[in-house]
Structures are given as structure tokens and as C-alpha cells.
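**Student:** A predicted structure for the sequence below; I have some questions about it.
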Amino acid sequence: MTFLYKADPVRGAAWAELMGRAMPEMPFRIWPDIGDPLAVRFLAAWQPPVDLGTQFPHLEILFATGAGTDHFDFSAIPPSLPVVRMVESGIVQGMVEYVTLAVLSQHRDWRTYQEQQRAQTWQSHRVYPAASRRVGVLGLGTLGRAVLEQLRSFGFPCAGWSRSPQQLNGVECHHGAEGLQALLARTDILICLLPLTDSTRGILCQRLFDQLPRGATVINVGRGGHLVQDDLLRALDAGQIGNAVLDVCDPEPLPPGHPFWTHPKVVLTPHIASMTQPETAVEAVVENLRRYRQGLPMVGLVDRSLGY
Ligand code: NDP
């Protein structure tokens, strides 16, 4: 019974050590050293092999090493194979840090002051209270909830949007198509933390931007496919969107010469908002294996009909 790992080999070495300590009875292998394919029961992969079903006929669980599975080709994954995405505290902590940084930078005019420093300009601007800056989060899952909890502690009026109705302490919750309109109308800083699915692809588009208050900020930490890039450029140039912080793009890396690289109102980072941390990821996998063996529901099990 082998556990196979197919992702970044450097982090794989850390996984091997941690798994060896947590489950010494389970042989752990790192791709491409797969050993006997018939013995592979569990696979943790960023990108599963194309012929997964035939190559590993006894595979019992596919663990994604990332929080999203939008890059998986589900048509090539046996329909009965459980796919579990990564839900672990390291990813959550990284995302909370990144979004807090982006929101506070925006709230406290950080970019303006950096520009002023370079121009040797000593000039203050009014500091607005957090209570006057309305934050809205698309996606009330593991990450959206954690981000809202942190932002709420600064005093930002917080709202969130999900597919199904949700309840969160101190957060105005909206859901469904009608709920989106209400969320956008009251949001100065919009954060996208949705999974990329057929229903959310291209959601950050002109129509959505037009429903935000003029000059709103857009922070996309979901996936590049959520954003219609030309619509954002138009909205930035027209002033409808004041600033954008983009951690994700389509394609990644962004091609040389793309307008986002140099746009004065865009902050761009190379998909680093949050990363799976081997220590906490292995803990999550071990806990899910325990649940699986005891017939309990695994945390992060992907609902293929919904795509997340
Ligand atoms: P979850 O699956 O826990 O949460 C997803 C949320 O989105 C849920 O609240 C869900 O609604 C909502 N949602 C899904 N589809 C729709 C829809 N059509 N309309 C409205 N709401 C919808 O995901 P996580 O919070 O763990 O992660 C979110 C995403 O963040 C990942 O899929 C990934 O794309 C991105 N990510 C980015 C990283 C980065 O470094 N930039 C790192 C990690 C993740 P409901 O509650 O009703 O199910």
C-alpha cells in the first residue's frame, strides 16, 4: 500500500520526512519513482497523470496538493475516485496575510506614499476610519471566511457572497444571483475568493464592475479565469475601478509586455498569495486518511457536480 506524491520535488522531500514520522507503516514515494503501480492506493498531486485510472488501478483517493482543483481534467479521472482538495491551516494563514496586506495598503494609501517618496514629496492625505471602508468577499468558503474574520477585527464593514445561504457572525451574507447585486452595491473593496467553475468563470467583468461604487478596488486571489482582463483595463482607465491587486492571471506567467505589468493602478504578484505548507498539509492528509478508514467524511471532498 503506497502513498505517491507528484508535485514540487523539494516540498516532496519535506512530505516524505513528515509522512514517514506520522505514518511509518506507509511506503511514501515521489514521482517519477512510482515503484509497483498496483500498490499505489493514495496519490497527492498538483497535476495528476493523464492515464490515472489505468496506471494506478487500485488508487483509492486522489489528494490535490492545492486548494483548488480547477486545473484537473475530471473527464480523465475515474468517476468513482474521491478527489480531496487541500484544506489546511497553512494555506488559510497565507491567504489571510496577503489579503490583509492588500486591503490595508489600499485603505492607508500605501502606493500613493511610495510614489510620493520617490518624488520626494512630503504630503499627507486624510486617513479614513476603517468603519467607512466597506469590504465584500466573493466566496464564503474556508478562505473567504478566514479573511472576513480578520478584516472584521479592524472594523471594516464586512459582507460576503456564496452560492448557498450562509451565516457568519458580524458579516452581511448574500447568496445567489440577486444577492450579488446587493453585495456589489455596498462594496468599496472587493475580494474574489471563489473557486473557478463554469458558473464563476469571467465573473469579474464589465457588468460586475459597473455595479460597484465608482473607484472601488478589486483584489483577485481566486483564479485568473475569474477576470475578463480587457474589461478590467477599460474600467481602470475609465475610473470605475480605482485600483486592482491581482495575484492570479490567465495565462500564468503573464506574457511579457502585457499591460498589467506596467499599469499604474495594478499591483501584480506571481500567484503567491498562499501556498500549501508541508507540515500542516501532511497533518490534513493524515487526518483525512484516518477519517477515510473510519468511514467518516473527508475534509475538502470535491463535489464533482458543482466543480469545487
Ligand atoms: P471553498 O470551496 O471552501 O469555498 C468556495 C466558496 O465559493 C463557497 O462559499 C461557495 O459557496 C462559493 N461559490 C462557489 N461557486 C459559487 C457560485 N457560482 N456563486 C456564488 N458563490 C459560489 O474554497 P476555498 O475558500 O478553500 O478556496 C477558494 C479559492 O481560492 C480556491 O478554489 C482557489 O481558486 C483560490 N485559492 C487561491 C490561492 C492563491 O494563492 N491565489 C491559494 C488557495 C486558493 P457555498 O458556500 O454555497 O458552497
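**Tutor:** Looks like it arrived, so ask away. Residues are numbered from 1 along each chain as shown.
**Student:** use CA for all of it now, contacts and neighbours both
**Tutor:** Fine.
**Student:** any idea how far Gly307 is from Ser199?
**Tutor:** Taking Cα to Cα, to the nearest Å as the measure, Ser199 and Gly307 are separated by 9 Å.
**Student:** Specify which residue of these two has the higher count of neighbours.
**Tutor:** Each of Ser199 and Gly307 has its neighbours counted (other Cα atoms under 10 Å); Gly307 has more, 15 against 12.
**Student:** For that one, which residues are in contact?
**Tutor:** Gly307 makes contact with 70, 197-198, according to Cα atoms under 8 Å, 6 or more residues apart in numbering.
**Student:** Swap in 10 Å and give it another go.
**Tutor:** 68-70, 74, 195-199 (Cα atoms under 10 Å, 6 or more residues apart in numbering).
**Student:** cool, Leu212 as well?
**Tutor:** 181-190, 218, 240-241.
**Student:** can you tell me which of those residues are in strands?
**Tutor:** 189-190, 218, 241 (DSSP state E).
**Student:** picking that back up, most widely separated two among the contacts of Gly307?
**Tutor:** The most widely separated members of the contacts of Gly307, counting by Cα to Cα, are Phe74 and Ser199 (16.3 Å).
**Student:** What sits closest to the residue nearest the centre of the chain if chain neighbours are left out?
**Tutor:** Nearest to the mean C-alpha position of the chain, by Cα atoms, centre = their mean, lies Gly222 at 4.5 Å. The shortest distance from Gly222 to any non-neighbouring residue, by Cα to Cα, 6 or more residues apart in numbering, is to Leu193 (4.6 Å).
**Student:** Neighbours of that neighbour, how many?
**Tutor:** 24.
**Student:** Show me which residues of this protein sit near the ligand.
**Tutor:** Counting by Cα under 6 Å from any ligand atom, the chain comes close to the ligand at 67-68, 139-144, 161-164, 176, 193-196, 199-200, 221-223, 247-248, 271-275, 308.
**Student:** and those residues, which are buried?
**Tutor:** 67-68, 139-144, 161-163, 193-196, 221-223, 247-248, 271, 273-275, 308 (16 or more other Cα atoms under 10 Å).
**Student:** Sort out for me which of those are in helices.
**Tutor:** Counting by DSSP state H, these place 142-144 in helices.
**Student:** circling back: neighbour-wise, which of the ones in strands among the contacts of Leu212 leads?
**Tutor:** Ile189 (28 neighbours).
**Student:** so that one makes contact with Phe209?
**Tutor:** No - at 11.5 Å, Ile189 does not count as touching Phe209 under the criterion of Cα atoms under 10 Å.
**Student:** what is in contact with these two at once?
**Tutor:** 215-218, 241.
**Student:** from those, which single one is nearest Val302?
**Tutor:** Looking across the shared contacts of Ile189 and Phe209 and measuring by Cα to Cα, the closest to Val302 is Val218, at 27.5 Å.
**Student:** quick one on the thing from earlier: dump the ones in helices among the buried ones among the residues of the chain next to the ligand to JSON lines, plus distance to Ser105.
**Tutor:** Shown next, in JSON lines, are these (distance: Cα to Cα, whole Å):
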{"residue": "Thr142", "distance to Ser105": "23"}
{"residue": "Leu143", "distance to Ser105": "20"}
{"residue": "Gly144", "distance to Ser105": "19"}
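**Student:** can you redo the shared contacts of Ile189 and Phe209 as CSV with distance to Val285?
**Tutor:** Below are those laid out as CSV (distance: Cα to Cα, whole Å):
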residue, distance to Val285
Gly215, 43
Ala216, 39
Thr217, 36
Val218, 33
Ile241, 41
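**Student:** Could you identify the most distant pair in the residues you listed?
**Tutor:** Most distant of the shared contacts of Ile189 and Phe209, by Cα to Cα, are Gly215 and Val218, 9.6 Å apart.
**Student:** shared neighbours of those two, which are they?
**Tutor:** 188-189, 209, 241-243.
**Student:** Gly158 reaches Glu172, doesn't it?
**Tutor:** Careful, residue 158 is Cys and not Gly. Yes - between Cys158 and Glu172 there is a contact under Cα under 10 Å: 6.4 Å.
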